[in-house]
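1. all I have is the shape, not the residue letters:
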C-alpha cells in the first residue's frame with residue numbers, strides 16, 4: 001500500500017501531538033471525554049494535512065484522519081504515557097486547585 005504525503009504528515013504530526021493534547025486535557029476528565037478530544041485533534045490533524053498537501057477530497061481526508069487517530073493513540077500508549085511525560089503535563093497544566101487525586105480516582 002502506497003501512503004500519500006498527507007498521510008505520512010498526519011502520522012508524523014500525530015506521533016508528536018500527545019504532549020500538546022496533554023496541555024489541554026485535565027486529569028479529572030473521564031476517559032471517554034479524553035478520547036473524544038483526541039478524536040477532534042485527529043480530525044484537525046488529518047484534515048489539515050490533507051488541505052496543506054493539496055489533497056483535500058473525500059478519501060484523502062478520511063484516511064488522513066484515521067492515520068492521525070492511530071498515530072496519536074499508538075504514540076500515547078507506547079511512549080508518552082509509559083514515560084510519564086503526558087500525565088505530568090496534564091497534572092502541571094491542571095486548573096483544579098487543592099491536592100491532586102490519586103491516579104484512577106474520579
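-> Noted; the coordinates are in hand. Values in this document were obtained by computation on a predicted structure and should not be read as measured data.
2. pLDDT on whichever helix or strand residue 46 is part of, on average?
-> In this assignment (DSSP states H and E), residue 46 forms part of helix 31-52. When pLDDT is averaged over helix 31-52, the result is 95.
3. mind listing what's buried along that helix?
-> The neighbour-count check on helix 31-52 (16 or more other C-beta atoms under 10 Å) flags 34, 38, 41-42, 45-50 as buried. No exception for glycine: its C-beta is placed from N, CA and C like everyone else's.
4. can you list the buried residues in the following helix or strand past that helix?
-> Toward the C-terminus, helix 31-52 is succeeded by helix 58-75 as the next helix or strand (DSSP H and E). Buried residues in helix 58-75, counted by 16+ other C-beta under 10 Å: 60-61, 63-65, 67-69, 71-73, 75.
5. need the worst-confidence member of those residues.
-> residue 60 (89).
6. just to revisit the earlier point, so which other helices or strands are in contact with the helix holding residue 46?
-> Secondary-structure packing of helix 31-52 (3 or more C-beta pairs under 8 Å, 6 or more residues apart in numbering; DSSP states H and E): helix 5-16, helix 18-24, helix 58-75.
7. identify all contacting residues around that helix.
-> 6-7, 9-10, 13-14, 17, 20-21, 24-25, 29, 56-57, 60-69, 72-73, 76 (C-beta atoms under 8 Å, 6 or more residues apart in numbering).
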